[in-house]
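> need a 3D model of the following:
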Amino acid sequence: MSENVNFKDILLPRKTESGIFRFMSRAWYPQRTLTLDKYLSPQDLRDAAANSVFLDSVIETESLRTGVSKEKLKEEVRQYLEEMGLEKKLHVIRWMGVVFLKIAFMMKIGIYVNEPAVLKVRESMGKNPVLFLPTHRSYADFCVMTYLCYHYDIDFPAVAAGMDFYSMAVVGRRMRETCAFYIRRTLAGAPLYAATLRQYVRTLVAKHCSPIEFFLEGTRSRSNKSLPPKYGMLSMSLAPWFSRDVSDITVVPINISYDRLMEQSLFAYEHLGVPKPKESTGGLLKALHRLNDNFGNIYINLGAPLSVREYLNNAASDNTERLKPVDLQQLTQAQFQNVQDIANYVITLQQRNTVATISNLLALVLMQSLMNGTALELNEVLKQVEWMVVVLRALGASVFENDVSSSVARVLVIHDKMMRLDRKNRLRLLSIEVVDVSVEVKKKMKGHILKAETMANAVPIIQLQLYVNPMLHYLVPPAVLAVIVTRAPLAREQLVADYNCIRKLLRHEFFHLERAEEKNFADSLEYCLQNKVIVTDGDTFVPGSDDKVSYLLKWAVWPALSTLLICADVMAQNPRCTHKLALQLVQEAGEARRRHPYCLSMDAAGNCLAGLALAGALVRDKSEQEQTYEIVPPVLEQCRRLVSSVLPEFNVDFTASNPVILDHKFASRL
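The predicted structure follows:
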């Protein structure tokens, strides 16, 4: 999708005091996802799950296994259902909507929605269950999606929420009353809880009249790019279709993009190993005063509804399972593979619906300035942003841009604590004060204890990288080709082999479908040839004459390749070590080598270790208490040599000595 999509700001009509209250108190007749003879209340849904044949069977089995009476186990199931079950109180929802709108206006937020896509989804509702699967980049995603449904008269989604919120005073209860249901992060060692959750989700999908909403990635993406999906919630949600309890299920992929991430500073520190603060009502109240700032726009882009029945070509259930009662049918191995296939595909649909914002474009320009060590005047910045628009649209990105000059001016206000124009009208990245990490925080840090100066230099650049990352989905495939060809002239067969190997190594860092790689390769090669990044010399491919595009592509992939090489080198020196130790050693090596600060990211290191395991260079042993890696020397050395041979060479000073970094000493708190 490369067109300039027209979005509508759905908060604009509410920007008056009376506009808020009149809108939130209006008569509301929502579109339901299912037309049923009887609509079940939240308590009816819990009762239906508790009285299911499936849970009766599980309780019978558990009673025989543990010796605990069935009555006691039934009471335990009831307690689980009370813990996880949603409530729906319209008066609470209305007041929470008023609070949401007031906070949104305090934060000067606009919510821009691809309205035709929303209306298309709404028109298709009424025949079968609907799953809303948004990206998860911020805690605000919950609120934004619920408000979107209220605005467009869609019944409130039942939202899967983590137990972190359950224990929050007042907030936990209010979230439940606005249709959140709570799930524990791990189901291991709790078979009765796992069965109860499975049946409750199944009941919500098959018998609730509202959409079901959850995050495929399982957690917020601290990197602001797609994470590999988790399959548990989706497998529970699709079970009613596999058992033919429902005729179809509609999956709606949704991308939510932010001009400014509310948690950007916290995310930067989390990348460096500083643990996230525990969610609490007190912490939320303390954070409210920080929200009195300009956070810019939020962009919601819904993809085309996906019919599970059509996608799987109406695949039938396993014959053995079909002989069982509906409630007792379990997913077969083949059906679980179907679930994985759908999950992986939906992540790529979310990526396709990414909105390239001016924040992303400006971040690309500023990061390139850092790489060059040259601060650009505003006029040159505007030209570079316009050039980035052309590049990204040619690669298939959907760019939200009306007037570059006014949009850049707006975004500079939004990001005035991260970047600004200096007295000479040059765009600069703001430094932060060196903060001594307290002994208390050091004890909790997950990785290597970095020097205070290292952290101070890294945090601003990692924050900037968070806005570069969403665009790498478009830039990395041609970038991989560019760095391979720069190494030496080579034939197509070898180019394909090296491309596939590097893409596999980076699959967790830049998620993609392996089955789509043949097309990705062909499209990327065509782009490189058209833009003279690569040219043909007889039967071989060699570097082309377009240094500008080539430079962009090379520095875009440089942090990931650098991290990958560091991981390979560290593992070569430590043939067997735990995951935690490997992360610490990679961070320590990254600090010593003075590479791009994003090489210090715990997320990036974990993704690269997972890539080495996927390529067969590491063997993961999960049988012990902590995951352990053991190297496969020949494969690891082969991967290390390949990455080392294509790694671009850059000599960049990422300290305050870089002319692009403004020594502003902006305070950053740990």
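
> run a quick neighbour tally on Ala491.
12 (other C-beta atoms under 10 Å). In short, each C-beta sits where N, CA and C put it, glycine included.

> number the residues from 30 up from this point.
Done: numbering now begins at 30, and the last item shifts to Ala520.

> so it sits right up against Thr569, yeah?
Yes. Using C-beta atoms under 8 Å, Ala520 is in contact with Thr569, at 5.6 Å.

> sketch out the low-pLDDT regions of this protein for me.
30-34, 46, 198, 308-318, 343-357, 653, 694-699 (pLDDT under 70).

> okay, domains of it per the record?
The chain breaks down by automatic domain parsing into domains covering 37-121+150-289+326-381, 300-306+318-323+384-699.

> so how far is the first residue of the first one from its last?
What that stands for is domain 37-121+150-289+326-381. Domain 37-121+150-289+326-381 has its terminal residues 19 Å apart, counting by C-alpha to C-alpha, to the nearest Å.

> now do it: distance to the chain's middle.
18 Å (C-alpha atoms, centre = their mean, to the nearest Å).

> hmm, back to that, show me the one of the domains of the chain that comes nearest Ile132.
domain 300-306+318-323+384-699 (6.3 Å; C-beta to C-beta).

> report the distance from that closest one to the chain centre.
Distance of domain 300-306+318-323+384-699 from its chain centroid, counting by C-alpha atoms, centre = their mean, is 16 Å.

> now the domains of the chain in a markdown table, with distance to Phe129?
Supplementary listing: the domains of the chain in a markdown table, determined by distance: least, C-beta to C-beta, whole Å:
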| stretch | distance to Phe129 |
| --- | --- |
| domain 37-121+150-289+326-381 | 5 |
| domain 300-306+318-323+384-699 | 12 |
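
> wait, which of those is closest to Met136?
domain 300-306+318-323+384-699 (5.1 Å).

> what separates Arg273 from Ser467, distance-wise?
Per C-beta to C-beta, to the nearest Å, Arg273 is found 58 Å from Ser467.

> same question for Pro626.
22 Å.

> one more: Glu547?
When distance is defined by C-beta to C-beta, Glu547 is 52 Å away from Ser467.

> quick one, helices of the stretch 330-479 of the chain?
Using DSSP state H, counting those that start in this stretch, the helices of the stretch 330-479 of the chain run over 337-340, 348-351, 362-381, 387-401, 407-423, 433-443, 468-473.

> out of these, which is the most enclosed?
Most buried of the helices of the stretch 330-479 of the chain, by mean neighbour count (mean count of other C-beta atoms under 10 Å): helix 387-401, with a mean of 24.

> so that one versus helix 407-423, what angle?
Using axes from the mean of the first three to the mean of the last three C-alpha atoms, to 10 degrees, the direction of helix 387-401 lies 110 degrees away from that of helix 407-423.

> counting contacts, what elements does helix 387-401 pack onto?
helix 407-423, helix 433-443, strand 456-461, helix 481-497, helix 576-602 (3 or more C-beta pairs under 8 Å, 6 or more residues apart in numbering; DSSP states H and E).

> could these be laid out in a markdown table, adding distance to Lys101?
Below are these laid out as a markdown table (distance: least, C-beta to C-beta, whole Å):
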| stretch | distance to Lys101 |
| --- | --- |
| helix 407-423 | 60 |
| helix 433-443 | 56 |
| strand 456-461 | 56 |
| helix 481-497 | 49 |
| helix 576-602 | 49 |
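
> for Val505, find the nearest of those.
Closest to Val505 of those is helix 576-602 (C-beta to C-beta; 5.6 Å).

> related to what we said a few turns ago, can you pick out the residue with more neighbours from Pro626 and Ser467?
Taking other C-beta under 10 Å, Pro626 and Ser467 do not tie; Pro626 has more neighbours (25 against 10).

> residues contacting the closest residue in space to the more buried one that isn't next to it in sequence?
Excluding its sequence neighbours, the residue lying closest to Pro626 (C-beta to C-beta, 6 or more residues apart in numbering) is Ala487, at 3.7 Å. Going by C-beta atoms under 8 Å, 6 or more residues apart in numbering, Ala487 touches Ala297, Leu301, Leu479, Pro626, Leu629, Phe683.

> list the contacts of the fourth one.
Spelled out, that is Pro626. Asn486, Ala487, Ile490, Ile491, Gln494, Phe683.

> try it again with 10 Å
Pro626 makes contact with 297, 300-301, 483-484, 486-491, 493-494, 588, 619-620, 683-684, according to C-beta atoms under 10 Å, 6 or more residues apart in numbering.
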